[in-house]
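Asker: Structure, please.
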Amino acid sequence: EDFSVTTNGLGPVPEALEAAKEALLTIEHYPPSDFEPAITDLAKFLSPDDWSDTRSRLLLGNGASEMIDMISRLAPKGPWRPGPFATQYQEYRRSAKNAGRIELDWSDVDGGAK
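Answerer: Sure, this is the predicted structure:
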């Protein structure tokens, strides 16, 4: 089963479809490209006294796949090491490969250094 998507065997609720259609007329980007006001509101919630510094350290995205891809590209360069179990969700492997990272065996704890 792919748990990265939500499915409903009965189909969408008609009222939900109508609400989505109406909302589409009011947006240009989803989510907003600057993530406002969500990112500032989150920073203020997390650090009411120093929210500006907290805001500069937050990274928001539109779902797990986007976040995995962003982190793979923004993290310091170097190899990556998957966990010991094969998973159906291969976004980590795809993102690491696209970022030019070399995949180490999961048991290679020293990164190939001898």
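Asker: Now do N8 against A16, distance only.
Answerer: Distance of N8 to A16, given as CB to CB, to the nearest Å: 10 Å. Heads up, the C-betas are built off the backbone N, CA and C, glycines and all.
Asker: Now the most centrally placed residue in the chain. Nearest residue, chain neighbours left out?
Answerer: Nearest to the geometric centre of the chain sits M67, at 2.1 Å (CA atoms, centre = their mean). Distance criterion CB to CB, 6 or more residues apart in numbering; nearest residue to M67, sequence neighbours excluded, is G61 at 4.2 Å.
Asker: so that neighbour touches R73, yeah?
Answerer: No. G61 is not in contact with R73 according to CB atoms under 8 Å; the separation is 11.8 Å.
Asker: Give me the phi and psi angles of the residue nearest to the centre of the chain.
Answerer: Note on M67: its backbone torsions stand at phi -70, psi -40 [degrees, to the nearest 10].
Asker: what do you get for E103?
Answerer: Backbone torsions of E103, given as degrees, to the nearest 10, read phi -90, psi 120.
Asker: and it, bridged to which residues?
Answerer: W80 (DSSP bridges).
Asker: For it, give me its contacts.
Answerer: By CB atoms under 8 Å, 6 or more residues apart in numbering, the residues touching E103 are P79, W80, R81, P82, R93, A96, K97.
Asker: and the last one, what element?
Answerer: What that stands for is K97. Using DSSP states H and E, K97 maps to helix 91-98.
Asker: Okay, buried residues for that helix please.
Answerer: Buried positions in helix 91-98, judged by neighbour count with 16 or more other CB atoms under 10 Å: E91, Y92, R93, S95, A96.
Asker: residue contacts, the first one?
Answerer: Put plainly, it is E91. S4, A64, S65, I68, D69.
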